[in-house]
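Enquirer: Sequence unavailable; structure follows:
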């Protein structure tokens, strides 16, 4: 226990030195040594660039893994040897998301430059709240938001980095509501007609979660029908808006999905923008997955009309391989974030500071402190350069397209939709036992059990990880979804491996 | 631009090697080299343990700093020399929050063990969403939440790591609303009587922001009066609840502040729990700042009754010096987070997986992907040990108490309240020119201008950083607020320096 007499009269530096000496004796590592061990481990375990021969995961069931981890905390702490051993155990049983054949989710390997940005951010440990504590990163955030605004085609842009795409989407819905009814910041929504949001039935579930958080309820999120490849049908949106008005409700928000979670579908922004403009609705582009296309001259047409969206969400922690978390929220309504969220806390946002306090941006969110997420994104963009970024994104899209073509060519596979969209490829594996049979409901039921079984074998073999799921407009029959990211650049050989390996793992099913 | 012919027929590994060789030629660093540079920079710039002689900040106004940073992005990227130089520039103009005399906010230096945890987390880059992708960290999160639940006195605990205290507080209010009216997940709150939340007038502004986000509005957040040291007055809460009911509204939520932002006040949890129990209200303990006291036998009495709170928020990224972000939300209502938030997305939470899917916890939040924030906390607790943690926290509280005593003893200083609370010390500096004068309203007005002027000089000198603010129940006269954290352990010499330095900087005011 700290005793006042222990600290009194001791010079701070001297006490710290004495402490360091004592720690060294106790076997606690000297300053910087533990960080060096992390770096060594990252190198030894190939966490930057993992060879394909490595196992993706040494899978253990929860109870087994609990026994291996030995998480109990000793009140006296750990010595250096135990500390290093524990780090090794953590790495040993963690999934190598950096493995070239980890395609389980839209993240994975990190770009080393972005990782360096993340590490330096951690070490500088500051807060994206006022210029006073974060001068460099405040300017960098302003720069990046303006730059991205201009890349997406906004004349002027405001925005913020959010802890993930769900929260970026929540920001969009909050701004839309505030713009329509600024009085509700004060009085709440209790006396309003129900506010209704519209989003495709293929959109991300965060739109529904945002509506629950905001008190709108799931009944007031209309999931608009999509076409056979998962794009919102504009005529269906029109009808849904009309129906909501007839029911005495107030439509306020349309979410266009740019790269849907499963099928990779891009809604038609131009058509949705026309409807929103006519109906006076906020158009939000959830481009968390597919926003990357904007960097490529060849691919940006998927986002035609995005400059007409009132807001945009894009996640650099997905396809671009910036370490989690990195999500950008942009809006063309300058000042609206601040108006919607500001509380003017006097302990942070003093107006009598000696510098231009318009640089204190922390009040633009419903968060208070915010981790700095901008540096790792800025760093990858500026060090790699926009040309290289564009070429990596094209490679991810191209690999998905190549895989889809191969799926069509191989007898053991079947496309879910006729071509890849975004960096997603969706397909069924049809094992020998199901080939050439009549496709009865029982046949489809059997097919739906194939993906989970192959997935189990993948994980146990540690050679490949791909997600699977059923979706309603594909008869709820499980299929694989491949998601390509930019690091390492996926090759046709990688894509061939995916199909070969699934055939190998599932041939007896 | 990526051309299909470039990737076809090339083996993935071979292509990657060729790329690495090409990069090396272009002056891009070889694998791991950039991370080594980060580590070197951290050492050279003393980012782990900064000497007191270093300047806290090399302050530049925004326009000057913009010119120095040269943020424009070259489409061709940066070479190795430029990359390293840029990292150095970032460090040069960033605030050294790790400086022993940075007391500007409740964060600062990071513990090296926690930083190592953060670095390894970044490198492993995974997502706290399913056991499949994050087996080690899912188990670790469960362990830490259960352990903390038991430390705070819960019989059983559920919880989640959130990106900051504001979102932890939002979780609390969301659960309280859902528990009272589970139907609103479906139907929204439009037809409800206004729901009213109660919190002290010294509580953090995130409570009000949460109410705005949830559609309740600021009118439905009652800021209950506090006593002279900033504690919510239980009788005032009783009256406010009664008044709300008389107005036809529905009280549902009380936030008890445990360590208020400015004064460090601890509300009386036992008294508030009695009221909440009688009135059927959810009691949330916002212990983001003061929750640390639970680790010390000597200090935990400040949190007496916290086991009766329905939920608790605590931020290890504050006093404990875990790198941002690290915030823990706990509740004693097992299963309620999932019931409130779940959306059962089929692409993540398949029920036909081969392992126990109760370990897939991602649906317990309105977020989807969540950065892993648990490892850095687990690591500091387990490596340093709970005894050491307790002693550091005691030292932070003791230093605040010592400073408050010194303030009382020195003629140039005046306490704002009679003793320090939590690790906060609030005081006025009264320069020579204002001493011994009649304390008229003009005198107070002049005093209120002293702190901003001294603060300006601190930042320019780079010797010290402390926050200041006016608060309503101290006549809106700016005063300094010192916040002590656990790393480096603050000493009495440090506290003496604070007062000496303010005297030196402000003697001619």
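Expert: All right, it came through fine. Treat the numbers as computed from the prediction; the structure is a model and nothing was measured. Numbers count the residues shown, from 1 in each chain, chains lettered A, B, ... in the order given.
Enquirer: elements contacting the top helix by length along chain A?
Expert: The helix spanning the most residues in chain A, taking DSSP state H as the definition, is helix A:386-409. Helix A:386-409 sits against helix A:374-384, strand A:413-415, strand A:424-429, helix A:492-506, helix B:4-7, with contacts defined as 3 or more CB pairs under 8 Å, 6 or more residues apart in numbering or on different chains; DSSP states H and E. The C-beta positions use only the backbone N, C-alpha and C, and glycine is treated the same way.
Enquirer: Out of these, the one nearest residue B:474 is which?
Expert: Nearest to residue B:474 among those is helix A:374-384; the distance by CB to CB comes to 36.0 Å.
Enquirer: and the strand of greatest length in chain A, is it in reach of chain B?
Expert: Criterion DSSP state E: the longest strand present in chain A is strand A:250-257. No - judged by CB under 8 Å from any CB of the partner chain, strand A:250-257 stays clear of chain B, getting no closer than 10.0 Å.
Enquirer: all strands of the stretch 251-400 of chain A, in order?
Expert: A:282-286, A:311-314, A:327-331 (DSSP state E, counting those that start in this stretch).
Enquirer: Same list, those, but as a markdown table with mean pLDDT, mean neighbour count and distance to residue A:81 please.
Expert: Listed next are the strands of the stretch 251-400 of chain A as a markdown table, based on pLDDT from 0 to 100; neighbours: other CB atoms under 10 Å in any protein chain shown; distance: least, CB to CB, whole Å:
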| stretch | mean pLDDT | mean neighbour count | distance to residue A:81 |
| --- | --- | --- | --- |
| strand A:282-286 | 98 | 28 | 48 |
| strand A:311-314 | 98 | 30 | 44 |
| strand A:327-331 | 98 | 27 | 39 |
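Enquirer: Relative to chain B, which of those strands is closest?
Expert: strand A:327-331 (8.9 Å; CB to the nearest CB).
Enquirer: Let me know whether the closest one sits next to chain B.
Expert: No - using CB under 8 Å from any CB, strand A:327-331 stays clear of chain B, coming no nearer than 8.9 Å.
Enquirer: In the sheet, which strands lie alongside that strand, parallel or antiparallel?
Expert: Partner strands and pairing direction for strand A:327-331 (DSSP bridges) are strand A:158-162 (antiparallel), strand A:311-314 (antiparallel).
Enquirer: distance between that strand and the chain's centre?
Expert: 12 Å (CA atoms, centre = their mean, to the nearest Å).
Enquirer: about what we covered before: just send the helices and strands packed on helix A:386-409 back as CSV, with mean neighbour count and distance to residue B:452 too.
Expert: Shown next, in CSV, are these (neighbours: other CB atoms under 10 Å in any protein chain shown; distance: least, CB to CB, whole Å):
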stretch, mean neighbour count, distance to residue B:452
helix A:374-384, 26, 28
strand A:413-415, 17, 66
strand A:424-429, 26, 54
helix A:492-506, 19, 59
helix B:4-7, 15, 60
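Enquirer: hey, where'd the strands end up in the stretch 1-150 of chain A?
Expert: With DSSP E, counting those that start in this stretch as the criterion, the stretch 1-150 of chain A has strands spanning A:102-103.
Enquirer: so what's the closest residue to chain B within it up against?
Expert: Among all residues of the stretch 1-150 of chain A, residue A:77 sits closest to chain B, at 2.9 Å; criterion: CB to the nearest CB. Counting by CB atoms under 8 Å, 6 or more residues apart in numbering or on different chains, residue A:77 touches B:382, B:383, B:384, B:385, B:387, B:388.
Enquirer: try 10 Å this time
Expert: A:26, A:28, A:83, B:113, B:380-389 (CB atoms under 10 Å, 6 or more residues apart in numbering or on different chains).
Enquirer: got it, and residue A:138?
Expert: Counting by CB under 10 Å, 6+ apart, residue A:138 has contacts A:126, A:128-132, A:359-362, A:372, A:374, B:62, B:65.
Enquirer: Look through the stretch 251-400 of chain A and state the residue closest to chain B.
Expert: Ranked by CB to the nearest CB, the top residue of the stretch 251-400 of chain A for proximity to chain B is residue A:385, at 2.8 Å.
Enquirer: Setting aside sequence neighbours, what's the nearest residue to that residue?
Expert: residue B:77 (2.8 Å; CB to CB, 6 or more residues apart in numbering or on different chains).
Enquirer: Show the model's pLDDT score for that neighbour.
Expert: For residue B:77, the model assigns a pLDDT of 97.
Enquirer: roughly how far apart are it and residue B:198?
Expert: Distance of residue B:77 to residue B:198, given as CB to CB, to the nearest Å: 54 Å.
Enquirer: From the contacts of residue A:77, pick the one nearest residue A:306.
Expert: Taking these together and measuring to residue A:306 by CB to CB, the closest member is residue B:380, at 43.1 Å.
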